[in-house]
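below are the sequence and a predicted model for it; my questions follow.
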Amino acid sequence: MAASAQWQPKEEGFTEICGLLEQQISHSSSSADKSQIWQQLQHYSQFPDFNNYLAFILARAEGKPVEVRQAAGLLLKNNLRNAYKSMVPAYQQYIKTELLPCLGAADKNIRSTVGTIISALVQLGGILGWPELLQALVSCFDSNDFNHMEGAMDALSKICEDIPQILDSDVPGLSERPINILLPRLFQFFQSPHSSLRKLSLSSVNQYIMLMPAALYGSMDQYLQGLFVLANDPSSEVRKLVCSAFVQLIEVRPSFLESHLRNVVEYMLQVNKDSDEEVALEACEFWSAYCEAQLPPENLREFLPRLIPVLLSNMVYADDDESVIDAEEDESVPDRDQDIKPRFHASRFHGSDDVEDDDDDIVNVWNLRKCSAAALDILSNVFGDEIFPTLMPIVQANLSASGDEAWKDREAAVLALGAIAEGCIIGLYPHLPEIVAFLIPLLDDKFPLIRSISCWTLSRFSKFIVQGVGHQKGYEQFDKVLMGFLRRILDTNKRVQEAACSAFATLEEEAAELLAPRLEIILQHLMCAFGKYQRRNLRIVYDAIGTLADAVGGELNQPAYLDILMSPLIAKWQQLSNADKDLFPLLECFTSISQALGTGFSSFAEPVYQRCINIIQTQLLAKVDPVSAGAQFDKEFIVCSLDLLSGLAEGLGSGIESLVSKSNLTDLLLQCCMDDAPDVRQSAFALLGDFARVCHVHLRPRLSEFLDIAAKQLNTPKLKETISIANNACWAIGELAVKVRQEISPIVMQVMSCLVPILQHSEGLNKSLIENSAITLGRLAWVCPELVSPHMEHFMQSWCIALSMIRDDIEKEDAFFGLCAMVRANPSGALSSLAFMLKAIASWHEIRSEELNNDIRQVLHGYKQMLGDGAWEQCMSTLDPPVKEGLSKYQI
């Protein structure tokens, strides 16, 4: 049959497809039946008019159950995603023609399904390909029939949510943009007697706040008047959308609210107490949004005495809060898989940029309590001690509330102290000894959620607690907090275990080597927890052990400590399979331990090293052939294993050489350096640099390949997107250069041509990449001055600026050996940048290498002779006093 004639369904096809859909949604079909039905439906999808049947069933099969018609519609939507573009135009048109009359279908579910398909079709074909759609929507809006208005409004709200920009574009054949035609009608629906139409119209307009088309910009007064009218709507869903609109406006277009700000703040304050928690939560977002937009604080100042009590009362646990219910669960209840959050390993990064760890989130569901605490935190950072007169009397009253029934008020007061720990530290400071002394006994409270929040709040004062150890009372307080955290790590309640481990990790970072005298008791507690925790909290123990190793370093390297620490970890290591994701945190933990123990780790190193090699090998195979590998590919296994090998290289130094010589690590590492996953390459180049330092001989057979692939990482048009990889590759090239010396020469020009633009256009690049580029360029100059020095005048200025920013260390020494070697080879190349070179030399606080000191002295005296006294004096007179001071030791 020709596609152009009006398509008609055949009776048997219609019956058969309806039958399959009925079976598919039937509760009595087994999963095997369902998969067979699914296969049959997939088979039918091969027929060009199958989607027409689905459209016909959805639109016209009035004798069939609504569920069957809906199932046909959802299957149609999914099919169109893949098949629409390749369908014959007549069939595309048939489906569209069948859908439009259903906008006003009597059944709400049919209307909703049709709206979903219409939005999908607009995503696929745009408005231009469907001129009847706009007419149909406008006719429905103007029809005054509820079903038609709601069906059209539902479809439009889905288009606004999925592809809002499509309505704000020019459509050939239309005198104005669709949004200009639709917006006045949306505003009219704000006054509809039907709450569903008020809700759908407001949510549609809200989608345009971020895009801010000219049509909305020009109707802003009408929009704001509409919001004020809907502000006290009986429907909580509408009130929530009003709050959401004000939050978005304050974030992106605060100027629109300027003249109404008092009223908006007043309204948000009222709605923050709304009986519907979702409305109150949306309103509560306003305070953080206001502060983050850096708007004038004085507009909020007068409201603080009323706002702070609302936030404090919303910080009290609701009776049905899932945390309160979960808090009853003790450690003997096994974790369910859904309790275990996915974790993300941060690939190794060689450089000076600190990555902020945001581990203050106590539990993971966002709710009114947490939003209120976050608002209090940010307000305390903006207003500091000004919030004290309102806040402290309530907190003190709640802390002293006695009796079991008041535990939630006491808990919220402790949360409040933690929330203001940063912003109000100046006002709190004189009272901190008493506050900490008050909180310590709460670590042993009978209510588990008071024990857990006390851990968190005390950890927020870690810096102060550690600062006080210089005097007797301060040391006693530090010790009480430390022992309190350790007791809570062995709590029987899972929530408390989690909070205590996280709090202890924060304290460890602040206390560092102060923990050394207590190491034995700390390790005993941590390893006891290790033996009894369920899977989820076990990950936090690994983190606490790793943080401890980072904090105390070599102090850990004593037989008594290693006996407590290593055997349980190794037992766990042997118990987990190579495909078990619980291995990740253990690999990270071993990375910290191997770095802390240094050569003390050598007796544990061989099995750990060999296992990392096996994991990498298995995963590289699983990537191409999971069946032969016997494992599913997961790049995280490779990243964690590469990082642990880096930790071993750092800890064992040249002691790792014997392990490398017996393995095929060089080949595996080269494969990882060429992997398509950015985080695998990032960790691979970090390991390449670590290996270059300690056993470069094993890299020699494939040196040219390593250098070539590393150089390619620097020459990419999207450098900003892969900056961490470029950073590690750049550092690795420099480490290789100082080991293989002249053998680096084939890639010197290629690498130099990439490093110079990085130094010359450093705006927006991270500090580490600039430092590593400057160091690597210096190292190349040191080992191949004859290749680098002819080009030095092109980069001398930006290179010297970067060198003067680097802190004193061995890498900076190497770069300055390169500077001296270049100047010896081409003295005139630095003349035009002499002042910059002098500033770079003066940036040293202390040069430990006598040889480098002598080299620099020779360079300076050489230039003084070359220029003659007059020109030299003139050059010196342009320098700032601190630079002259830095050069004075060279007696020039």
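Sure, I can see it. Numbering: from 1, shown residues only.

and for the residue lying closest to Gln191 once chain neighbours are set aside, the neighbour number?
If you skip the residues right next to it in sequence, Gln191 has Val229 as its closest partner in space, 7.1 Å away by CB to CB, 6 or more residues apart in numbering. (Each C-beta comes from the backbone N, C-alpha and C, glycine too.) Counted by other CB atoms under 10 Å, the residues lying close to Val229 total 13.

any regions of the chain where pLDDT drops low?
Regions of the chain meeting the criterion pLDDT under 70 cover residues 1-5, 329, 331-332, 334-347, 350-364.

my guess is the residue nearest to Gln191 contacts Phe189, does it?
No - look at Val229 against Phe189 with CB atoms under 8 Å: they stay out of range, at 11.9 Å.

about what we covered before: send over the host helix or strand of the residue nearest to Gln191 as CSV, restricted to the C-alpha atoms.
Val229 is part of helix 220-230, with elements assigned from DSSP states H and E. Extracted in CSV, the C-alpha atoms of helix 220-230 (Å, rounded to 0.1, in the frame of the first residue of the first chain):
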residue,chain,number,x,y,z
MET,A,220,8.5,41.6,34.3
ASP,A,221,6.0,43.8,36.2
GLN,A,222,3.1,41.7,35.1
TYR,A,223,5.0,38.5,36.1
LEU,A,224,5.9,40.0,39.6
GLN,A,225,2.3,41.1,40.1
GLY,A,226,1.2,37.5,39.2
LEU,A,227,3.7,36.1,41.7
PHE,A,228,2.3,38.4,44.5
VAL,A,229,-1.2,37.3,43.7
LEU,A,230,-0.2,33.6,43.9
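
so how far is that helix off the chain centroid?
For helix 220-230, the distance from its own C-alpha centre to the chain's C-alpha centre is 36 Å (CA atoms, centre = their mean, to the nearest Å).

how about that helix: buried residues?
Applying a neighbour-count criterion of 16 or more other CB atoms under 10 Å, the buried positions in helix 220-230 are Tyr223, Leu224, Gly226, Leu227, Leu230.

out of these, the closest to Leu21 would be?
Each of the buried residues of helix 220-230 was checked against Leu21 using CB to CB; the closest is Leu230, at 40.4 Å.

give me the neighbour count for Asn22.
Small correction: residue 22 is Glu, not Asn. Glu22 is surrounded by 16 other residues when neighbours are defined as other CB under 10 Å.

let me redo that: Pro430
8.

which residue sits closest to His698, ignoring its sequence neighbours?
Spatial nearest neighbour of His698, chain neighbours left out: Val660 (4.9 Å); criterion: CB to CB, 6+ apart.

report the separation between that neighbour and Leu669.
10 Å (CB to CB, to the nearest Å).

identify the contacts common to those two.
Taking CB atoms under 8 Å, 6 or more residues apart in numbering as the criterion, Val660 and Leu669 both touch Phe691.

now do the contacts for Tyr317.
Remark: with contacts taken as CB under 8 Å, 6+ apart, Tyr317 is in contact with Ser323, Val324, Arg369, Lys408, Glu411, Ala412, Leu449.

contacts for the helix or strand harbouring the last one?
This points to Leu449. Taking DSSP H and E as the criterion, Leu449 maps to helix 448-460. Contact with helix 448-460 is made by 317, 323-324, 327-328, 360, 362, 407, 410-411, 414-415, 417-418, 421-422, 436, 439-440, 442-445, 465, 481, 484-485, 488, 491, 493, 495-496, 498-500, 502-504, 506-507, as judged by CB under 8 Å, 6+ apart.

can you select the buried ones from the residues you listed in PyMOL?
Listed next is the PyMOL selection for buried residues among the contacts of helix 448-460, using 16+ other CB under 10 Å:
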select buried, resi 317+323+324+327+360+362+407+410+411+414+415+417+418+421+422+436+439+440+442+443+445+465+481+484+485+488+491+493+495+496+498+499+500+502+503+504+506+507
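
among the contacts of helix 448-460, name the ones in helices.
Among those, the ones falling in helices (DSSP state H) are 323-324, 407, 410-411, 414-415, 417-418, 436, 439-440, 442, 465, 481, 484-485, 488, 495-496, 498-500, 502-504, 506-507.

number of residues surrounding the closest residue to Ser169 other than its chain neighbours?
Nearest in space to Ser169, with sequence neighbours left out and distances taken as CB to CB, 6+ apart, is Arg177 at 6.4 Å. Applying other CB under 10 Å, we find 18 other residues in the vicinity of Arg177.

ok, Arg177 - contacts?
Taking CB under 8 Å, 6+ apart as the test, what Arg177 contacts is Leu167, Asp168, Ser169, Asp170, Val171, Pro213, Ala215.

I'd like the distance between it and Ala136.
Between Arg177 and Ala136 the distance, using CB to CB, works out to 18 Å.

over to Ile25?
With distances defined as CB to CB, the gap from Ile25 to Ala136 amounts to 29 Å.

so the two - more neighbours on which side?
Ala136 (22 against 14).

in terms of helices and strands, where is the closest residue to Ile308 other than its chain neighbours?
With sequence-adjacent residues excluded and distances taken as CB to CB, 6+ apart, Ile308 is closest to Thr390, at 4.4 Å. Per DSSP H and E, Thr390 falls inside helix 388-399.
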